[in-house]
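**Q** Sequence first, then the predicted structure:
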Amino acid sequence: MTLLSSEIIEPQGNKADACVIWLHGLGASGHDFVPIVGELHLPASMAVRFVFPHAPAIAVTINGGMVMPAWYDILAMAGAQRQLNVEQLMASVDAVAALIGEQRAQGIASERIVLAGFSQGGAVAYQLALTYAEPLAGLMTMSTYFPTSENLVPSAANKSLPIHVFHGSRDPMVAESMGRDALTELARLGYQPEYKSYDMEHELCLPQIADISQWLQRVLA
């Protein structure tokens, strides 16, 4: 498998011993969240590498078949629901799993790898992190939903995975109710996720970035 092209931000002064793989949303790219690394103000001693992969460009049905970066096609939207090309979502899961494998081959233990995803990227992150065969450091999802929860078979290795779900209370793209539905599904599967919402739309805000920093410092301590 050809590895996904990615933007990679190395820690300053120390060799990386931890990694955050952060997936963007529909129509975006790996460049989108690169500026946030500096805003996290992580201690240099943490030595965290950030990997921001680019989704492949595919035709997206709900956008009139326009070709754009996407982790999977969205076929239709009925209220708060999405009809997805699940085969493409699973292909993206495999592609991101290969990135985790690359980080492990470079000497970073799976227990030091956090998977993060915004919007579409969060849907991929849910499926991958909860089924990954080796323990991960954590799962962080932002402004997203959990479309594969019904058929997901959790990995025993990540049954105690730290999970933090973030959402905007005024999100017009992915309603906050979808984020809360994900919490319900996570609890049903036996997880104990943290949750926080903010007075924002489909985006990130400065208080959230500060909270993300604190959470990363905790799970990668």
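**A** Happy to help now that I have it.

**Q** strand partners of the helix or strand where residue 83 lies, parallel vs antiparallel please.
**A** Counting by DSSP states H and E, the element that carries residue 83 is strand 81-84. When pairing is defined by DSSP bridges, strand 81-84 lines up against strand 74-78 (antiparallel).

**Q** who's in contact with the strand it pairs with?
**A** The set of residues that contact strand 74-78 without belonging to it, under C-beta atoms under 8 Å, 6 or more residues apart in numbering, is 26, 60, 61, 62, 82, 83, 84, 85. No exception for glycine: its C-beta is placed from N, CA and C like everyone else's.

**Q** related to what we said a few turns ago, now the strand holding residue 83: how far from the chain's centre is it?
**A** Relative to its parent chain, strand 81-84 has a centroid offset of 18 Å by C-alpha atoms, centre = their mean, to the nearest Å.

**Q** With stretch 135-145 instead?
**A** Averaging C-alpha positions (C-alpha atoms, centre = their mean) puts stretch 135-145 5 Å from its chain's average.

**Q** What of stretch 97-110?
**A** The gap between the average C-alpha position of stretch 97-110 and the chain average comes to 16 Å, counting by C-alpha atoms, centre = their mean.

**Q** Could I get the CA-only coordinates of that stretch as CSV?
**A** The C-alpha coordinates for stretch 97-110 follow below in CSV (Å, rounded to 0.1, in the frame of the first residue of the first chain):
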residue,chain,number,x,y,z
ALA,A,97,-3.6,2.2,10.0
ALA,A,98,-0.6,2.0,7.6
LEU,A,99,0.5,5.4,8.9
ILE,A,100,0.4,4.1,12.5
GLY,A,101,2.5,1.1,11.3
GLU,A,102,5.0,3.5,9.8
GLN,A,103,5.3,5.4,13.1
ARG,A,104,5.8,2.2,15.0
ALA,A,105,8.5,1.1,12.5
GLN,A,106,10.2,4.4,13.3
GLY,A,107,10.4,3.4,16.9
ILE,A,108,7.3,5.0,18.4
ALA,A,109,5.3,2.5,20.5
SER,A,110,1.6,2.2,19.8
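
**Q** what's across from the closest residue to residue 55 other than its chain neighbours in the sheet?
**A** The spatially closest residue to residue 55, leaving aside those adjacent along the chain, is residue 69, at 4.3 Å (C-beta to C-beta, 6 or more residues apart in numbering). Counting by DSSP bridges, residue 69 forms beta bridges with residue 57.
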